[in-house]
Structure formats: structure tokens, C-alpha cells
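Q: Sequence and predicted structure below; questions after.
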Amino acid sequence: MRTALKPRMPSSQIGGAGYYRHLLSNRSHPLKNLDPLAMIVAFHRGQEICSQGRPPEHWYFLISGAARRCAIRSDGHRQIVDLLLPGDFFGLEFGDQSDDTIEAVAEATVTASYPRARIEALAESDPKIARELREIAFTALSRMQAQLLILGRITAPEKVGSFILEMAARLSDQDSDRVSLPVSRYDIADYLGLSVETVSRALSDLKERGAIRLLGTRTVSIVQRNVLEERDRDVRAHPQMLSRSYGVASRQAQESTRARTARRIASAN
């Protein structure tokens with residue numbers, strides 16, 4: 001199948017299709033044998049990759065950049081339910097409509113787009129492809145479990161500290177003690193169910209405690225990893241803590257949502 005690059009930004013800002021095809025060929029992933037079926041597609045920051053309510057026609061592998069999976073709640077508030085980084089698959093919806101909207105959060109976010117109908121047909125006759133699709137689904141479930149553990153933290157500094165550790169683990173090509181966060185503090189707030197002011201205070205608190213250093217708006221250096229990991233060990237050692245603390249996290253998220261709504265109404269008036 002012909003490789004196509006659908007540029008959504010000036011060509012001077014992105015590599016050609018051959019460059020990203022080369023990146024794809026050098027990265028190990030479950031659907032490796034189906035790479036010849038993939039098209040290379042580039043997106044601007046903020047541009048939709050998949051739209052909520054629309055039929056899912058493709059499955060995607062993130063080659064570069066970052067993306068966020070967003071759900072719009074009944075009150076109009078956006079909740080980020082997943083952060084997608086290079087090496088992640090997404091768009092594997094098994095219904096007739098996409099449940100969420102997925103947006104690029106970095107310029108030159110580039111994906112490999114696989115035709116859903118073709119792969120599903122191949123999976124019906126090829127057990128190996130079916131196993132690979134299950135592997136992708138299990139990986140996505142693992143990301144969701146990691147997010148639940150983060151949301152299950154009780155205090156804002158604990159949530160933000162766990163988020164930093166999660167990003168450090170997933171961005172494996174980076175120095176383990178220096179993390180370039182792929183999203184803004186506003187996105188971190190919507191991911192953790194906090195206000196952006198609370199996220200900023202939590203980062204300052206972790207800095208004052210000597211756990212991290214802030215090297216820039218989005219760059220964090222982990223100084224005392226044990227401080228950030230302590231609560232994670234508690235939750236993993238006592239899983240029952242997750243259900244209790246997740247209830248607290250849910251209430252905090254609801255309170256944060258009500259506060260944001262009140263501010264919006266006040267500003268509108």
C-alpha cells in the first residue's frame with residue numbers, strides 16, 4: 001500500500017513520510033508485520049485525531065509527539081482519561097462509535113494509521129494477529145490501572161509525584177532522573193482531577209521538600225525518588241487502600257469540577 005503523509009503543518013517543520021516510516025520500522029510493537037498497511041499521518045497541536053461519536057475507521061500507533069484522550073462530561077467539563085506517548089496504540093474501539101475524542105498535544109504529532117476493517121478481517125483468520133490485538137488491549141488496560149493508582153493517592157503532592165514517576169517510566173528514552181513532561185499543567189490538572197493552581201502548589205511543595213527540582217515550565221529533575229515512591233509502595237502493598245483513597249479522589253475531582261464551573265459562571269456574568 002502506498003505510504004502517505006498528510007501534513008497538517010508546514011513541511012519545513014516535519015520530516016517526510018520516509019523519515020517517519022524509518023522510525024516506525026525501527027520500533028518494536030505487536031502489529032509489526034502489518035506496518036506495510038499503515039499510512040503516516042501528521043497533526044498540529046490541538047488537532048483532533050479521533051472524534052467522539054464518529055465511526056472508528058482506523059487504529060493508530062503513535063510514532064512521535066503526544067496525544068490526550070478526552071471525555072466530555074454531562075456538565076461540559078473535559079476529563080483527560082489517558083495520555084498517549086510514542087509507542088502507544090490507540091483508537092481500538094470495538095463498537096460502532098468512538099467513546100472519546102483524541103487530540104494531539106504536541107506539534108508534529110505523527111501516527112501510523114492502520115485500517116480497522118482490514119486488520120479485523122485478518123485477525124479472524126490469523127490467530128497470531130488476534131493475539132497481538134489482545135496484547136495491545138492488555139497494555140491499554142495496564143495504563144488505565146496505573147492512572148487509577150495515581151488518582152487513588154490522597155493528597156495533591158502525592159498525585160503529582162506519582163504522575164512524574166509514571167511519565168519517567170513511560171518516557172524510557174529519557175534520563176530516568178530528568179523528565180520532560182509532555183503536557184501542560186492544565187492538562188495535568190484535567191488528568192488528575194485537580195485545578196491547575198493545585199498542581200502548581202503541589203509542584204512547589206515537592207520542590208520545597210527536596211523531592212524534585214524544576215528546570216523549566218515542563219522539565220522536572222527527580223532528586224529524591226524515594227520520597228515520590230513511598231506512597232506507591234504503600235498502595236501496592238495494601239491494594240485495599242486504592243478503593244478507599246479512590247473514593248476520596250473522586251470527591252476531590254467533583255469538588256474541583258464544581259469550583260471550575262462556578263468560576264466560569266462568575267466570569268460569564
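A: Yes, it's here. Remember, predicted model here, so these are calculated numbers, not experimental data.
Q: And the strand or helix carrying residue 157, how far out from the chain middle?
A: In the assignment (DSSP states H and E), residue 157 maps to helix 156-170. Distance of helix 156-170 from the chain centroid (Cα atoms, centre = their mean, to the nearest Å) equals 13 Å.
Q: Output the contacting helices and strands for that helix.
A: Contacts defined by 3 or more Cβ pairs under 8 Å, 6 or more residues apart in numbering; DSSP states H and E place helix 156-170 against helix 127-151, strand 178-180, helix 185-192, helix 196-208, strand 219-222, helix 225-237. Backbone N, C-alpha and C define where each C-beta goes, glycine included.
Q: What pairs with the fifth one, parallel or antiparallel?
A: Read it as strand 219-222. With DSSP bridges as the test, strand 219-222 is paired with strand 178-180 (antiparallel), strand 212-214 (antiparallel).
Q: where does the stretch 51-200 of the chain dip in pLDDT?
A: The stretch 51-200 of the chain contains residues with pLDDT under 70 at 94-95, 97, 172-176.
Q: on that earlier part again, so which of the helices and strands packed on helix 156-170 is the most packed in?
A: Comparing those by mean neighbour count (mean count of other Cβ atoms under 10 Å), helix 185-192 comes out on top with a mean of 22.
Q: Okay, angle between that helix and helix 196-208 too, please.
A: Orientation check (axes from the mean of the first three to the mean of the last three Cα atoms, to 10 degrees): helix 185-192 against helix 196-208 gives 100 degrees.
Q: Could you figure out how far helix 185-192 is turned away from helix 127-151?
A: Using the same axes, to 10 degrees: helix 185-192 against helix 127-151 is 100 degrees.
Q: Give me the helices and strands touching helix 185-192, please.
A: In terms of contacts (3+ Cβ pairs under 8 Å, 6+ apart), helix 185-192 is packed against strand 67-72, strand 78-84, helix 127-151, helix 156-170, helix 196-208.
Q: in the shortest one, what's buried?
A: Buried residues in strand 67-72, counting neighbours by 16 or more other Cβ atoms under 10 Å, are found at 67-70.
Q: Just the CA trace of the helix holding residue 157, in CSV.
A: The C-alpha trace of helix 156-170 is given here as CSV (Å, rounded to 0.1, in the frame of the first residue of the first chain):
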residue,chain,number,x,y,z
ALA,A,156,-2.3,16.6,45.6
PRO,A,157,1.5,16.3,46.0
GLU,A,158,1.2,12.5,46.1
LYS,A,159,-0.8,12.6,42.9
VAL,A,160,1.6,14.9,41.1
GLY,A,161,4.6,12.9,42.4
SER,A,162,3.1,9.7,41.1
PHE,A,163,2.4,11.3,37.8
ILE,A,164,6.0,12.4,37.5
LEU,A,165,7.2,8.8,38.2
GLU,A,166,4.7,7.4,35.6
MET,A,167,6.0,9.8,32.9
ALA,A,168,9.6,8.9,33.8
ALA,A,169,8.8,5.2,33.4
ARG,A,170,6.9,5.6,30.1
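Q: Need the contact partners of that helix.
A: Identification of contacts with helix 156-170 by Cβ atoms under 8 Å, 6 or more residues apart in numbering yields 85, 146, 149-151, 153, 174, 176-177, 179, 181-182, 188, 191-192, 194, 198-199, 201-203, 205-206, 209, 211-212, 220, 222, 225, 227-229, 231-232, 249.
Q: do that again at 7 Å, thanks
A: By Cβ atoms under 7 Å, 6 or more residues apart in numbering, the list of residues contacting helix 156-170 from outside reads 85, 146, 149-150, 153, 176, 179, 181, 188, 192, 194, 198-199, 201-203, 205-206, 211-212, 220, 222, 228-229, 231-232.
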